[in-house]
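Here's my sequence, what's the structure:
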Amino acid sequence: MAKKPRTVAGRVVAITGAARGIGRATAAALVREGATVALGDLDLDVAERTAEEIGPRAAAFALDVTDRASFERFLEDVEARFGAVDVLVNNAGIMPLGPFVDEDDATARRMIDINVHGVMLGMKLALPRFVARGEGHLINIASAAGKAPYPGGATYCGTKHFVVGVSETVRGELRGTGVDLSVVMPVVVDTELASGLGTARGIPHIQPEEVAAAIVETLRRPRFDVYVPRSIGPLTALSAITPRRAREFLMRAIRADRVLWVDPSERTAYEIRAARSEPARQTTGEAPELTRAGA
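Got it, this is the predicted structure:
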């Protein structure tokens with residue numbers, strides 16, 4: 001007998017990187033379901049406009065996911081305003097692209113700071129709260145790139161492999177605590193982050209609303225592996241047991257190996273904004289450093 005779906009209404013959900021893209025779409029979907037949503041973002045002005053557009057059950061908070069004090073203050077401020085956080089969605093991430101050998105060290109460090117340390121901080125700060133109450137749901141946004149190699153995005157893929165790996169391991173540590181953990185792995189999502197990206201044959205880009213719908217469904221019926229679309233789940237499982245040469249041949253045949261090889265001119269605006277994700281640069285006006293992909 002299937003378990004009765006859990007209700008989303010009345011739950012307090014904190015989302016990182018929520019001003020745009022998947023975070024914004026998820027916040028809107030959850031508010032429609034009756035949840036109260038905290039939008040955490042480094043770009044507070046945009047987050048505040050987003051919250052205003054979503055409605056009174058959404059509110060914006062300043063958040064730098066790479067800074068423990070900022071992340072802790074975010075959760076404390078959310079709890080002071082709305083009550084205990086029931087769900088944390090670790091969504092914040094950046095994706096500068098380009099050949100690995102051309103990637104500058106500052107870009108690599110910033111990507112790891114946000115995509116890896118930002119997720120770890122969220123987990124380390126939210127999970128003790130959840131475990132102490134014997135309930136809660138942590139959702140980490142990874143990517144299909146966390147399960148396969150995509151040339152042109154080596155460091156990005158590495159960060160998403162980390163998110164999948166740490167989620168897998170912490171899931172085992174949480175067994176019996178009453179806390180749920182899910183990892184969301186979408187294909188390319190049609191947001192600013194995906195500007196200029198290619199398309200694998202038979203796997204079109206999806207909309208952020210599709211990821212948001214999958215997250216809402218995961219809150220209703222918790223599961224660990226959340227592939228978006230669901231159809232890539234069986235393909236990923238099959239790929240894992242396929243010999244390497246055959247797997248690499250298939251990647252080339254469907255042009256999946258070209259998805260992250262991009263025309264730099266089509267990603268300039270995004271690459272500049274990603275480079276400015278360092279708070280110090282926002283306050284000093286320092287010009288952003290770009291890899292060759294964003295030059």
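
Contact partners for R258?
Applying CB atoms under 8 Å, 6 or more residues apart in numbering, we find R258 in contact with 151-152, 198. The way it works is simple: take the backbone N, C-alpha and C, and place the C-beta from them, glycine included.

what does the host helix or strand of D180 contact?
Assessed by DSSP states H and E, D180 sits inside strand 179-186. Strand 179-186 is contacted from outside by 22, 127, 130-131, 134-144, 146-147, 163-164, 167-168, 170-171, 174, 206, 210-211, 214-215, 218, 222-228, 232, 236, using CB under 8 Å, 6+ apart.

for stretch 168-176, same thing?
For stretch 168-176, the external contacting residues (CB under 8 Å, 6+ apart) are 123, 127, 131, 181, 183, 224.

Name the nearest residue to the fifth one, ignoring sequence neighbours.
The spatially closest residue to V183, leaving aside those adjacent along the chain, is S167, at 4.2 Å (CB to CB, 6 or more residues apart in numbering).

Could you list the buried residues of stretch 145-161?
Buried residues in stretch 145-161, defined by neighbour count with 16 or more other CB atoms under 10 Å: 145-150, 152-161.

on that earlier part again, now the helix or strand following the strand holding D180 and strand 179-186, what's the angle there?
Elements were assigned by DSSP H and E; along the chain past strand 179-186, the next helix or strand is helix 208-220. Calculated by axes from the mean of the first three to the mean of the last three CA atoms, to 10 degrees, helix 208-220 forms an angle of 160 degrees with strand 179-186.

Give me the buried positions along helix 208-220.
Neighbour counts over helix 208-220 (16+ other CB under 10 Å) mark 208-212, 214-219 as buried.

contacting residues for the spatially closest residue to A142 that is not a sequence neighbour?
Residue nearest to A142 in three dimensions, not counting chain neighbours: V163, with 4.1 Å by CB to CB, 6+ apart. Contact analysis of V163 by CB under 8 Å, 6+ apart lists 90, 115-116, 119, 140-143, 146, 183.

In JSON lines, list these along with distance to A18.
Below are the contacts of V163 laid out as JSON lines (distance: CB to CB, whole Å):
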{"residue": "N90", "distance to A18": "11"}
{"residue": "N115", "distance to A18": "16"}
{"residue": "V116", "distance to A18": "19"}
{"residue": "V119", "distance to A18": "15"}
{"residue": "N140", "distance to A18": "15"}
{"residue": "I141", "distance to A18": "11"}
{"residue": "A142", "distance to A18": "17"}
{"residue": "S143", "distance to A18": "18"}
{"residue": "G146", "distance to A18": "21"}
{"residue": "V183", "distance to A18": "18"}
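
Check the gap between I94 and G122 for me.
15 Å (CB to CB, to the nearest Å).

of those two, who's got more company?
Neighbours per residue (other CB atoms under 10 Å) separate I94 from G122, with G122 holding more: 26 against 21.

Correct me if wrong: the more buried one contacts F71.
Yes - proximity of G122 to F71 meets the contact threshold set by CB atoms under 8 Å, at 6.4 Å.
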